[in-house]
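Peer 1: Sequence and predicted structure are below.
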Amino acid sequence: MMICNHNWVKYFYLTLFCFLFFVGYAQKKNLISTGNVTFSKRQEPNETPYQAKRKAVELAKIQAFKDVFGTAMGQNNASYTQNTQNGNDVKTNQSFTSLTDSYVNGEWIKDKDGFPKIEKVFQNNETWYKVTVNGWIRKIVGNKYDFESYSLNCYESLQCQTKEFKNDESLYQFFKSSINGYLAIYLEDPNLEETFMLFPYSKSELTTFNVKADSSYLLFYNPKSNSFNLKTPILNTIDQLELSLDDNRMVENYLVHVLFSSKEFRKPIVDNKTEELKEEVELKQGYTLPRSSKSSDFTKWLQRMRVSDENIQLLSYGISLTK
């Protein structure tokens, strides 16, 4: 009797192992390897090196989607047209806009280790960036987003929606979902190479915030004078955000990452680095920074999460800050 039970236990664990292995394998089967895809882009006069490199990476990823799925266009405010002479995608507007990792018919889930590779090339007195991407993508079935979210520079009206901020302006965030779920928002600063956890707020112990379907939320806003019908999650203390340029800089670019899922998800390791990243005079004035992690660590965490959990939806877009 004991031997029979022992064998049954071994059989049970073997079956469980095989089942879990199959589930993991089935999830990873949805990921498609792009192989190496190379794209070259010129740095335009109105672009910083960072902007040019990011756009070159974006265009290389769009090319990878076209190679795999036949056609794909970036899901952002920038428009792209087909250059019939050389077959390359050409950006038609001049503003710094979103650099998502989401496309019309698929999502860029994870970079292969060591990618993207970026080479700076000088040609005919022009600066070009030659980018090679390699990673795993996933085809989107059904609606890409169950939510809408965007940034604002005032709280009086949703007409304040913008991606272009002036120095010392406040940042607010609108969010609305068609289903119940969990929300987190991060801000990536390429200059500091840090990614800040903006929401849930810094005084909260939550890793995500539970939002209700069809409810409109206005974040980073003190609700004392709410003039229109929006929810303002208080949690413990509301973090009110002010975007400020360093004295020696005329422009800054950031990436906003909005993460939403029907299931609760964990956060990356974040720390309060205010004393490390802020000048003494700013500390005396009471300025603080949200908790953050190194952007490289955040990217690794985000890619691991998206590989393992298809419920996580990601909306990423750029915002600019000028004098």
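Peer 2: Now that the structure is in, tell me what you want to look at.

Peer 1: What ranges does the stretch 201-323 of the chain have for its helices?
Peer 2: 274-277, 280-284, 295-308 (DSSP state H, counting those that start in this stretch).

Peer 1: Of the ones you listed, which is nearest Leu59?
Peer 2: Closest approach to Leu59 among these (C-beta to C-beta): helix 295-308, 19.1 Å. (C-beta placed from N, C-alpha, C; glycine too.)

Peer 1: what helices or strands is the closest one leaning on?
Peer 2: helix 2-29, strand 106-111, strand 181-189, strand 194-199 (3 or more C-beta pairs under 8 Å, 6 or more residues apart in numbering; DSSP states H and E).

Peer 1: coming back round to it: out of the helices of the stretch 201-323 of the chain, which one sits most buried?
Peer 2: helix 295-308 (a mean of 17; mean count of other C-beta atoms under 10 Å).

Peer 1: one step back: pick out the shakiest of the helices and strands packed on helix 295-308, pLDDT-wise.
Peer 2: Least confident of the helices and strands packed on helix 295-308, judged by mean pLDDT, is helix 2-29 with a mean of 48.

Peer 1: now for the helix or strand that it is followed by, which elements pack on it?
Peer 2: Downstream of helix 2-29, the first helix or strand assigned by DSSP states H and E is strand 31-33. Counting contacts by 3+ C-beta pairs under 8 Å, 6+ apart, strand 31-33 packs against strand 135-139.

Peer 1: The same query, at a cut-off of 10 Å, please.
Peer 2: On a contact count with 3 or more C-beta pairs under 10 Å, 6 or more residues apart in numbering; DSSP states H and E, strand 31-33 meets helix 49-69, strand 106-111, strand 135-139.

Peer 1: what pairs with it, and is each one parallel or antiparallel?
Peer 2: strand 135-139 (antiparallel) (DSSP bridges).

Peer 1: quick check, distance from whatever helix or strand comes next after the partner strand to the centre of its chain.
Peer 2: Remark: after strand 135-139, the chain's next helix or strand is strand 147-152, criterion DSSP H and E. Remark: strand 147-152 is offset 13 Å from the chain centroid, using C-alpha atoms, centre = their mean, to the nearest Å.

Peer 1: Kindly report the same for stretch 166-173.
Peer 2: 19 Å.

Peer 1: And it, end to end?
Peer 2: 16 Å (C-alpha to C-alpha, to the nearest Å).

Peer 1: Give the buried residues for that stretch.
Peer 2: 169, 171-173 (16 or more other C-beta atoms under 10 Å).

Peer 1: same thing with stretch 310-323?
Peer 2: Under the neighbour-count rule (16+ other C-beta under 10 Å), stretch 310-323 has 312-321 buried.

Peer 1: Now those residues in JSON lines, please, with extra columns for distance to Gln123.
Peer 2: Converted to JSON lines, the buried residues of stretch 310-323 look like this (distance: C-beta to C-beta, whole Å):
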{"residue": "Ile312", "distance to Gln123": "40"}
{"residue": "Gln313", "distance to Gln123": "40"}
{"residue": "Leu314", "distance to Gln123": "35"}
{"residue": "Leu315", "distance to Gln123": "35"}
{"residue": "Ser316", "distance to Gln123": "30"}
{"residue": "Tyr317", "distance to Gln123": "31"}
{"residue": "Gly318", "distance to Gln123": "26"}
{"residue": "Ile319", "distance to Gln123": "31"}
{"residue": "Ser320", "distance to Gln123": "28"}
{"residue": "Leu321", "distance to Gln123": "31"}
